[in-house]
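Undergrad: sequence first, then the predicted structure:
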Amino acid sequence: MLKRRHVLSSRDFSREEIDSVLKTAESLEPYARGRRAGWLEGKILALLFFEPSTRTRMSFETAMKRMGGSTINLGSSEASSISKGETLADTVRVMGSYADAIVIRHPKEGSARLAAEFSPVPVLNGGDGAGHHPTQTLLDLYTIKKESHLDDLSIALVGDLKYGRTVHSLAYALALYGAEITLVSPPSLRLPDQIISDLSRSGAKLVETSDLSEVVGDVDVLYVTRIQRERFPDLVEYSKVARSYRITPEFLERARSGLKIMHPLPRVDEISPAVDDTPHAVYFRQSFYGVPVRMALLKMLLEAGQE
Amino acid sequence: MDLQIRGGRVFMGKRVQVMDIWIKDGRIAALGGPHVADDHLDVAGLLVLPGAVDIHVHFRDPGQTHKEDWETGSLAAAAGGVTTVVDQPNTLPAVNDASAYRDKLITARRHSIVDFCLNGGPGNVQELLGEGAAAIGEIFTYEMGEERLRDLLFQVEDADGLPTIHAEDGWTIRRCEEGMRGQQDPDVHSRSRPPQAEEAAIAQALSLTQKRVHICHLSTSGGLELIRRAKKAGRAVTAEVAPHHLLLNRRDYRKQGTFLKVNPPLRSSSDNQALWDGLRRGDIEAMASDHAPHLPEEKRQEIWEAPSGLPGVETMLPLMLDAVRANRIPLDRAVDALSTAPARILGLKGKGEIAVGKDADLVLVDTRARSEVLAYRLHSRADWTPYQGRTAIFPRLTMVRGEVVFDGDMAVRPGYGQNLPGPGRSASRVREED
């Protein structure tokens, strides 16, 4: 069962809580695919999106509607009513009086926790700044569980490990499962030392390298993230690095047969489209899994409120 | 003893009592009791307060000395009862490394008549704190992305410094500005930088670091609420409020127009009330002027062009004393907010109160001598004031380390003011230079 009222950061979750979310998600998968359910009939979810994020918003909407609930939207254009002078606390209080739960997405870290402080109803963080994005982490874990395995996992996190918040949260969660994590990044985009020491302390086995080809034969999962051009002083350096981390069918010849490739999407050209049709590619299913995972969270939060 | 301040009504230990102050080597050597002094100053009937510590001024020197310089700025400070100022690093060039810090230090030492600290900017943090910067900031949150801000706060944390935050979120501001570009009503400045920009930036700062944070010029009731809650949750967070966010609001654009453009902008009268309440209760510990002088011809431009900032170092204490007279705030809270709390926030051990061993930084006030604020009587090069015509109680005389620095005119040579290096500077450096 979920002990908390809000979902703000995946780091608030214990392993038991994560397991129970993933288990619920699994039982909801048929409903995520279209079987009818009415558990949340009459319930309303408010979507407070201060910055656009199609994928997160639509999968929350889908999750809610698949269970018979409905959604109201503070579309990103109306979000500019912030200029009328209302405090964020008041906006959240008002939304909380309309709806049974709130999803907030905001470009600044700390906003979701702020919203939770003032909200009379559960708040789900749909991503705040470079801070937290707990539903992404949970759906990543769910994908690993479904497509590979969480116990005795060997995973490589690839790309921008310095700034990529999804990989930070995922790494912390994987540490709870004692995963063997290989960190693959260009030297300038290494995982911050503070996080590395946190992770080793909490039980993850860590290896660091900058050479992707060295690890591809040894891991169960490759988690690929985008390397952004802005991180590099010049284009030449960027192209060199980006090329060396590009996943192609040739590159995958050395991979284990069961290797799964994940990506939080959108991808640019980190993964060649030719990989899409191989059994390794799970990134599109990964984004579908966002629906059962969000359904699980909403169901657990909203039904808990009913008793 | 060098000097006896005889017969004043001295504010100490949160109350006023008639007592002699005895000064030796620039410090308060004794309070009361029979001693012998070379000289004396008869101040019977006058209120004696600790000098104000203004932890937020922009003296524009180096780089924009047509707006202000260390001599005019510090003279305005002294005339307003401010005996220590903390200059912000966004001068030209910005104080982002040791060499810029040292250059400004040379100028300030040569020209300031009050004691001072220099803050460091968002540059080489370790180096700046090592040189003696009092804090890192004000950090303009709207000028940097979240990653840059996180890196910076991490560096400050690592060097054991204090970050002082100008909390306004750039993303919110840019979004609001988009649809408002054509508007010319000065109020558009407040609407384009809404309260939520401040709230988001405060929440963000409190999330990015778990260490101590100081919030500059708090301007909204929402921001105050966040700070109250953070304190309740045990966070080490302090805040200052500027006089203009207490005394002016959006209605004042009608009379003063673009002159009142300032960041964070003027808010509503309900924010004024909330901030007074926060200041009275001590949720907002300190007052700071955010003295940011610009010339009238600069301020007179259209709203999008006019530079942001209001002068205020000289009028802060006088306006507050009048607020005390009008029962808007008790004297002990006003003195705490003007002197004691700001000194404590920046760790200025010798400053901020009247007590044995502290620097003899004193302000002598005739509380019956109410007068109008008039721009031509003020000393800032800004040459205007947003408080024209308001009543205030200006000090008779201001003293820094036992020397009269202002008694109606400048009473010491420029350069009398001393630097107060922050806690970051290593002891060996202090010995070698001072």
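TA: Now that the structure is in, tell me what you want to look at.
Undergrad: quick one: average pLDDT of stretch A:214-233?
TA: Averaged over stretch A:214-233, pLDDT sits at 89.
Undergrad: now check it, is it near chain B?
TA: No. If you take C-beta under 8 Å from any C-beta of the partner chain as the test, stretch A:214-233 misses chain B, and the best it gets is 9.8 Å. No exception for glycine: its C-beta is placed from N, CA and C like everyone else's.
Undergrad: buried stuff in that stretch?
TA: A:215-216, A:219-227, A:231-232 (16 or more other C-beta atoms under 10 Å in any protein chain shown).
Undergrad: end-to-end on stretch B:303-321?
TA: 32 Å (C-alpha to C-alpha, to the nearest Å).
Undergrad: typo on my end, it should be stretch A:114-133
TA: End-to-end for stretch A:114-133, by C-alpha to C-alpha: 15 Å.
Undergrad: hmm, that stretch in reach of chain B?
TA: Yes. Counting by C-beta under 8 Å from any C-beta, chain B has neighbours in stretch A:114-133: A:114, A:117, A:129-131.
Undergrad: for the buried residues of stretch A:214-233, name the two members farthest from one another.
TA: Using C-beta to C-beta, these span at most 30.3 Å, a distance reached by A:Asp220 and A:Phe232.
Undergrad: hang on, the earlier thing: from the residues of stretch A:114-133 next to chain B, which is closest to B:Phe406?
TA: Checking the residues of stretch A:114-133 next to chain B one by one against B:Phe406 (C-beta to C-beta), the nearest turns out to be A:Leu114, at 44.6 Å.
Undergrad: number of residues surrounding that closest one?
TA: Neighbour count for A:Leu114, taken as other C-beta atoms under 10 Å in any protein chain shown: 28.
Undergrad: by contact count, what packs against the host helix or strand of it?
TA: Per DSSP states H and E: A:Leu114 is located in helix A:111-118. Counting contacts by 3 or more C-beta pairs under 8 Å, 6 or more residues apart in numbering or on different chains; DSSP states H and E, helix A:111-118 is packed against helix A:88-98, strand A:101-106, strand A:123-128, helix B:195-208.
Undergrad: tell me which residues touch B:Ala230, please.
TA: B:206, B:237 (C-beta atoms under 8 Å, 6 or more residues apart in numbering or on different chains).
Undergrad: could you do B:Ala288 as well?
TA: Per C-beta under 8 Å, 6+ apart, neighbours of B:Ala288: B:54-57, B:216-217, B:240-242, B:342.
Undergrad: which of those fall in strands?
TA: B:54-57, B:240-241 (DSSP state E).
Undergrad: which parts of stretch A:265-283 are buried?
TA: Buried, per 16+ other C-beta under 10 Å, within stretch A:265-283: A:267, A:270-271, A:275, A:280-283.
Undergrad: what sits up against that stretch?
TA: A:55, A:143, A:147, A:159, A:224-227, A:242, A:245-249, A:252, A:255, A:257, A:259-263, A:284, A:286-287.
Undergrad: now do the phi/psi pair for residue 9.
TA: In the absence of a named chain, chain A is used. A:Ser9 adopts backbone torsions of phi -150, psi 140, taken as degrees, to the nearest 10.
Undergrad: not quite, go with chain B.
TA: Per degrees, to the nearest 10, the backbone of B:Arg9 is at phi -90, psi 100.
Undergrad: just to revisit the earlier point, just the buried ones among the contacts of stretch A:265-283, please.
TA: Buried, going by 16+ other C-beta under 10 Å: A:143, A:147, A:159, A:224-227, A:242, A:245-247, A:252, A:255, A:259-263, A:286-287, out of those.
Undergrad: which of these fall within helices?
TA: Here DSSP state H is the test, and those give A:143, A:147, A:242, A:286-287 as lying in helices.
Undergrad: can I get those residues in TSV including pLDDT and distance to B:Pro414?
TA: Listed next are these as TSV, based on pLDDT from 0 to 100; distance: C-beta to C-beta, whole Å:
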residue	pLDDT	distance to B:Pro414
A:Thr143	97	69
A:Glu147	96	74
A:Ala242	85	58
A:Gln286	95	68
A:Ser287	92	67
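Undergrad: ok, which stretches of the stretch 101-250 of chain B are helices?
TA: Taking DSSP state H, counting those that start in this stretch, the helices of the stretch 101-250 of chain B run over residues B:125-131, B:146-158, B:170-178, B:188-192, B:195-208, B:221-232, B:243-247.
Undergrad: which one of those helices has the most crowded surroundings?
TA: Among the helices of the stretch 101-250 of chain B, helix B:195-208 has the highest mean neighbour count (mean count of other C-beta atoms under 10 Å in any protein chain shown), at a mean of 28.
Undergrad: so what does that helix touch, helix or strand wise?
TA: Using 3+ C-beta pairs under 8 Å, 6+ apart, helix B:195-208 is in contact with helix A:88-98, helix A:111-118, helix B:146-158, strand B:163-166, helix B:170-178, strand B:213-215, helix B:221-232.
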